[in-house]
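S.K.: no sequence on this one, just coordinates:
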């Protein structure tokens, strides 16, 4: 499709005939005001699961001898913010996100740290 041009004085697109706004109804536009998408960097945490690296706040190791940790996990599970990404394997670490979600992973914190360093 060929684009037709003319000088309309529109601030959005000053030369396009196919502009959806007449000159007087043109929305305000200033250079640099384009919507910028946040940059996301995903890391692979196993079994095809990806999480946004920029939203991770904490990674902790699970100590199975510590009943307090297990009690806290069951408390989080009742609130609905616990996501299991282990496919039945033993939980090695808990990833806390800035949204309040807790992600259970079979990777150790050291393995996660290596993957974070690569990206």
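M.R.: Received it, and whenever you're ready, just let me know what you need. Small disclaimer: the values here were computed from a predicted structure and weren't measured.
S.K.: and residue 108, how many neighbours does it have?
M.R.: Burial of residue 108 is recorded as 14 neighbouring residues (other C-beta atoms under 10 Å). (Glycine included, C-beta is placed from N, CA and C.)
S.K.: how far away is the residue nearest to it when sequence neighbours are not counted from residue 50?
M.R.: Closest residue in space to residue 108, ignoring its immediate chain neighbours: residue 92 at 4.7 Å, by C-beta to C-beta, 6 or more residues apart in numbering. From residue 92 over to residue 50 the distance is 18 Å, taken as C-beta to C-beta, to the nearest Å.
S.K.: Same check on residue 72?
M.R.: The gap separating residue 72 from residue 50 is 26 Å, by C-beta to C-beta.
S.K.: Any idea which helix or strand in this structure has the lowest mean pLDDT?
M.R.: helix 67-79 (a mean of 78; mean pLDDT, DSSP states H and E).
S.K.: Tell me which helix or strand comes right after that one.
M.R.: Note on helix 67-79: by DSSP states H and E, the next helix or strand toward the C-terminus is strand 82-85.
S.K.: Contacts for the helix or strand just after that following strand next, please.
M.R.: Where DSSP H and E defines the elements, the next helix or strand beyond strand 82-85 is strand 93-97. If you take C-beta atoms under 8 Å, 6 or more residues apart in numbering as the criterion, strand 93-97 is touched by 45, 51, 55-62, 73, 102-105, 107-109, 112.
S.K.: Kindly recompute the last result at 7 Å.
M.R.: The contact list for strand 93-97, computed with C-beta atoms under 7 Å, 6 or more residues apart in numbering, reads 51, 55-62, 102-105, 107-109, 112.
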